[in-house]
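[1] I'd like to go over a predicted model; first the sequence, then the structure.
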Amino acid sequence: MLPTAYGQTGSGKTHSLLNMVAGDPEVSGLVPRVVQDLFSRMAKDPFHDYMVTCSFMQVSVQCLVTWELRPPIHTC
């Protein structure tokens with residue numbers, strides 16, 4: 001699974017992916033919903049053992065854009 005969110009600062013990317021509201025899946029983000037579904041499915045399968053690994057990476061191109069559009073200014 002590789003959910004990707006791209007957009008302007010403040011547009012809700014992190015909220016859409018990671019918002020966690022305890023007990024209210026209707027307003028939870030994509031990642032908490034997928035994790036809940038994954039563990040629910042694993043709990044129903046008595047025939048297999050599972051190992052789950054999860055990683056997050058946030059890539060920001062603010063430095064690159066600053067470098068390309070202006071003289072080199074180190075703002076990061």
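    Sure thing, it's come through.

[2] If you count residues, where's the longest helix of the chain?
    Once the chain is assigned using DSSP state H, the helix that runs over the most residues is helix 30-43.

[3] how much space between the spatially most central residue of the chain and Lys44?
    Geometric centre of the chain, nearest residue: Leu17, 4.6 Å, by CA atoms, centre = their mean. Taken as CB to CB, to the nearest Å, the spacing of Leu17 relative to Lys44 amounts to 26 Å. (Glycine included, C-beta is placed from N, CA and C.)

[4] and what of Gly12?
    Distance, Gly12 to Lys44, by CB to CB: 33 Å.

[5] Neighbour count for the two, which is higher?
    Gly12 (12 against 7; other CB atoms under 10 Å).

[6] Spit out the contact partners of the residue nearest to Tyr6 when sequence neighbours are not counted.
    Residue nearest to Tyr6 in three dimensions, not counting chain neighbours: Lys13, with 7.3 Å by CB to CB, 6 or more residues apart in numbering. Contact partners of Lys13, counting by CB atoms under 8 Å, 6 or more residues apart in numbering, are Ala5, Tyr6, Gly7.

[7] Also Asp49?
    By CB under 8 Å, 6+ apart, Asp49 lies in contact with nothing.

[8] try it again with 10 Å
    Taking CB atoms under 10 Å, 6 or more residues apart in numbering as the contact definition, Asp49 lies against Met42.

[9] How about Phe39?
    Tyr50, Val52.

[10] Looking at it now. What's its pLDDT?
    Per-residue confidence at Phe39 stands at 93 (pLDDT).

[11] Low-confidence bits of this protein, can you list those?
    Low-confidence segments of the chain, defined by pLDDT under 70, are located at 1-2, 23, 60-76.

[12] the helices in it, which residues?
    With DSSP H as the criterion, the chain has helices at 13-18, 30-43, 62-69.

[13] List the buried residues for the longest one?
    Residues of helix 30-43 classed as buried: Val31, Pro32 (neighbour count, 16 or more other CB atoms under 10 Å).

[14] Thr14: what's it in contact with?
    Residues counted as contacts of Thr14 (CB under 10 Å, 6+ apart) are Ala5, Gly29, Gln58.

[15] How many neighbouring residues does Gly29 have?
    If you count neighbours by other CB under 10 Å, Gly29 ends up with 19.
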